[in-house]
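A.B. asks: my questions are about this predicted structure, shown below with the sequence.
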Amino acid sequence: MSIGAKTVTSVMLLVLALSIASSRDRLRADYLAQLDPWVAFLAGLLAVIAGTAVFRFWRLWDRSEFYLRFFGSRSRWVTDGSLAPRRSREVVTLGRGAKGITLELPGPVQQLIYLAIFFWVGLITLDNRAISLLADYPRKISQSSANYCPDQPSPDDSAKDPTKQGCALIRRAYQLGYADSLGSCAEEEKDDEAVEPCRLRQADEPYLHYAWRLLVDRGRSVIDIANPGRWRDLGGGFEDEWNDLDSVLWTRYDAVAATPRSSHHLFTTLPAPRPLFRLFLPDYVARQIDRVGCIKRASRMPHRLTRSSRQDPTLAASEVVEHVLDQLLFNPIYQTVVGFCREYTIHWNAPSDACARLAQHPEQFLAEAGALDNVREVLARRHHRLVMSKIAARAAERAGQDPGQGRDIDRESSRKLPPAQRIVSFQCLVVDRDRAEKRAPIAERDQGGPRQNGPRLAVGEHELVVDGHEFQARELHVPSPSAGERGQIELYHQLAMLLARGFRYGRLVSRESVATGETSEHIANVLAQPSYLFTKLELLRDADLFLGHEWIDGRPDLLDVYPYHLHLNNFVNLFRQYYQRERGRL
Amino acid sequence: MKRAGVICLLSLAIVCGATALAGAQNVYQRDQRVQYIAEAIEALHTVDKKTIADIYSYLYVAERNQCQAPLRSLKVECLLVAARRNCEQRRGEQRKHCHRISDVIVSNRLSERYFISRSTRYRIMQEHKDYRSGLLGELQRRYAALVTELRLSTHLAEGKLRGPQLASAIDEYCLNVSGTRKLSWQHCTAAVIWFIGTSPSDL
């Protein structure tokens, strides 16, 4: 039997298309049922156009010129047109000549086959996702988000500012005289900054209009090059930068090398918490290791220090001081980290009159403590930023612009520079072990701050001058911290008072309900009963350890399950609001 | 002689009473926490689903109606009273199971807002016609995340755990979570207990 080559080709292509469609699950009824109608339409369109074109241009209605002959047994040869050599055991041979063909599909049937082939090709290549991408393509090529002006920010709604939510109560307390200041709830002065119009494409601007604007701007910049005033400005800017070349270079170096942006020092009489490795290392190296370790400490910090590795109570207190400082300033789970731990240095084993010595001979004392270089590095960085901002202002004046919005020689320098007192600070925490151990309860329920040995703790200040800049060193004398939980709470209050001027923590700002002043005993009684252990712990929300509640000290089992995060979160966030008003970084 | 004996007996009674009282006061010691957790899981496995659903519905209605209060402590105390009143109708072991289950349910109701933020709630309300079922589904996912973390943690040894071992692992894990994250111990524990207790498969 001999079959025409065109018939064989069309059938094989159809089988190939169907097998590919089957391998890609295109023959499944559920797949076909969920297809978008556009897929079927486009596949049919492809089939009609391509199938008809192939049928016409390949002249498929004519009989094939070549044929394939299939042998079941020996038979006669058609000698004219046969291309294959004569062999007795061949199964398939290729022959030539229309007369030898016994089977050839009619033209319409072959046309239908090719229609089917291209239909399945369309179904294989197109699916619902392809249709949606094709439909979205015109929109994509006409828009490019990088060239559009950003949306205008919505007006600042101070009512939505979370720090203002509790201010109604604070204002009322201030009016009634219960609070001596509004604190963070005081009205803030907002700078009215002129907003430069956006030169990118507007959201509703036609593309041609935007292209014309770009062309015009480019033309203007080309013309501007020939403007003599421009060259004069450039020369003036170059001269300014040449005259302060060291500031220009140091500003670049500071940015690349990430030099410290602040320098805050805490001098304490407590011993270092890890004395052994300090024994064999220079103090400077030990401090560097501490700085590197602080980042790891702050990454996953527990809410409270449950076990101290030191048996010596003073060393344990040192660990707690470190932990409390990390929580107050660096722990990222609370709002707005207010400092970078590498820029804070704790000077252990400092003399009890450290702040007094610092005030008398600041540079000598700082040099002995190994802090002078660090302080000077930060002050120098600030100085370089100041010089760069002046250069930018002069350049803006030459260009006839507002000096506040001058050419951005250094983007950092165009921002408002913080005063030196904000980026450099000195504190002294003096632990007086000779003070009496007997102490009053940590806090009165209606007053903020710790009350130790009767009179309220007071922070003293010493004036000092370093490299022409005036600073105040704050000093606080405290008794030895109590053991256990109470000691940690005391240190929170003490360090917060020392670091943040005017910081107060009382019932008005606590998460404790205002109406629960007399129910501590009730909470204690309820939590002593062995039922509904989970639900009853909700009552500890009204037992803020930072306000006292010494009865919890006698319940170590409750301390394990106490919700520290609730009250600690509130305490730390409030502290950071106070702290940010005075301290920061470049 | 007789007087000395009476005095001895009285002293012994006072000492025993004081010891019992001290033990009863420190009810959140580790051993008692672990035992309580184990009892709660057992209660959820023992009691039939319909009874659990009834307890849940009762406490849900109580929380949404008579226990609405501006102060959280008032709400908590009201829910405790309602739960106790509901469970007093039962007898023996059933009453004890009811108390345990009620405690878990109330704690989960009170912790809902810590698991699901307000923005997520609004999103669920917009996306689901049945807000309540959408919320429950989201809660289950959050609980499942906790249980998955427990399963992958070092607190849970290889192999399936039962009873006190599982309870001990839950207690340790939730102590770690409450010590480092913004989730209370009781919220973590109740969520894990609820998921394990109502889940058809073993941990």
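C.D. replies: Sure, I can see it. Predicted model only: the values in this text are computed from it and were never measured. Numbering: from 1, shown residues only, chains lettered A, B, ... in the order given.
A.B. asks: what about the strands in chain B?
C.D. replies: In chain B, no strands are found when defined by DSSP state E.
A.B. asks: low-confidence ranges in it?
C.D. replies: Applying pLDDT under 70 to chain B picks out residues B:6-25, B:155-161, B:200-203.
A.B. asks: list the contacts of the residue nearest the centre of it.
C.D. replies: Chain B has residue B:104 as the residue nearest its centroid, 3.1 Å off, counting by CA atoms, centre = their mean. Residue B:104 makes contact with A:534, B:40, B:44, B:190, B:193-194, B:197 under the criterion CB atoms under 8 Å, 6 or more residues apart in numbering or on different chains. The C-beta positions use only the backbone N, C-alpha and C, and glycine is treated the same way.
A.B. asks: switch to 7 Å and redo it
C.D. replies: The contact partners of residue B:104, by CB atoms under 7 Å, 6 or more residues apart in numbering or on different chains, come to A:534, B:40, B:190, B:193-194.
A.B. asks: how many residues are close by residue 57?
C.D. replies: No chain was given, so I picked chain A. Per other CB atoms under 10 Å in any protein chain shown, the neighbour tally for residue A:57 reads 8.
A.B. asks: meant chain B, my bad for not saying
C.D. replies: Other residues near residue B:57 number 11, with proximity taken as other CB under 10 Å.
A.B. asks: check the gap between it and residue B:116 for me.
C.D. replies: Remark: distance between residue B:57 and residue B:116 (CB to CB, to the nearest Å) = 20 Å.
A.B. asks: gap between stretch A:46-60 and the chain center?
C.D. replies: In terms of CA atoms, centre = their mean, to the nearest Å, the centre of stretch A:46-60 is set 58 Å apart from its chain centre.
A.B. asks: distance of the residue nearest to the centre of chain B from residue A:422?
C.D. replies: For residue B:104, the distance to residue A:422 - CB to CB - is 51 Å.
A.B. asks: now swap in residue A:464 and tell me
C.D. replies: For residue A:464, the distance to residue A:422 - CB to CB - is 16 Å.
A.B. asks: how about the residue nearest to the centre of chain B, nearest residue that isn't a chain neighbour?
C.D. replies: The shortest distance from residue B:104 to any non-neighbouring residue, by CB to CB, 6 or more residues apart in numbering or on different chains, is to residue B:190 (4.9 Å).
A.B. asks: for the one you found, give me its contacts.
C.D. replies: Residues near residue B:190 by CB under 7 Å, 6+ apart: A:534, B:104, B:107-108, B:111.
A.B. asks: nearest to residue A:566, of those?
C.D. replies: Of all the contacts of residue B:190, residue A:566 sits closest to residue B:111, with 12.3 Å by CB to CB.
A.B. asks: how about the closest one, what does it touch?
C.D. replies: B:187, B:190-191.
A.B. asks: domains in chain A, as residue ranges please.
C.D. replies: A:2-141, A:263-510+A:564-582 (automatic domain parsing).
A.B. asks: what distance separates the start and the end of the longest one?
C.D. replies: The distance separating the two terminal residues of domain A:263-510+A:564-582, taken as CA to CA, to the nearest Å, comes to 14 Å.
A.B. asks: same deal with stretch A:23-31?
C.D. replies: End to end - CA to CA - stretch A:23-31 spans 13 Å.
A.B. asks: just how off-centre is it within its chain?
C.D. replies: Remark: stretch A:23-31 is offset 45 Å from the chain centroid, using CA atoms, centre = their mean.
A.B. asks: do stretch A:538-548 as well
C.D. replies: Mean-position distance between stretch A:538-548 and its chain equals 33 Å (CA atoms, centre = their mean).
A.B. asks: what does chain B put close to chain A?
C.D. replies: Counting by CB under 7 Å from any CB of the partner chain, chain B comes close to chain A at B:24-29, B:32, B:36, B:71-73, B:76, B:79-80, B:99, B:103-104, B:106-107, B:110, B:175, B:179-180, B:182, B:184-186, B:189-190.
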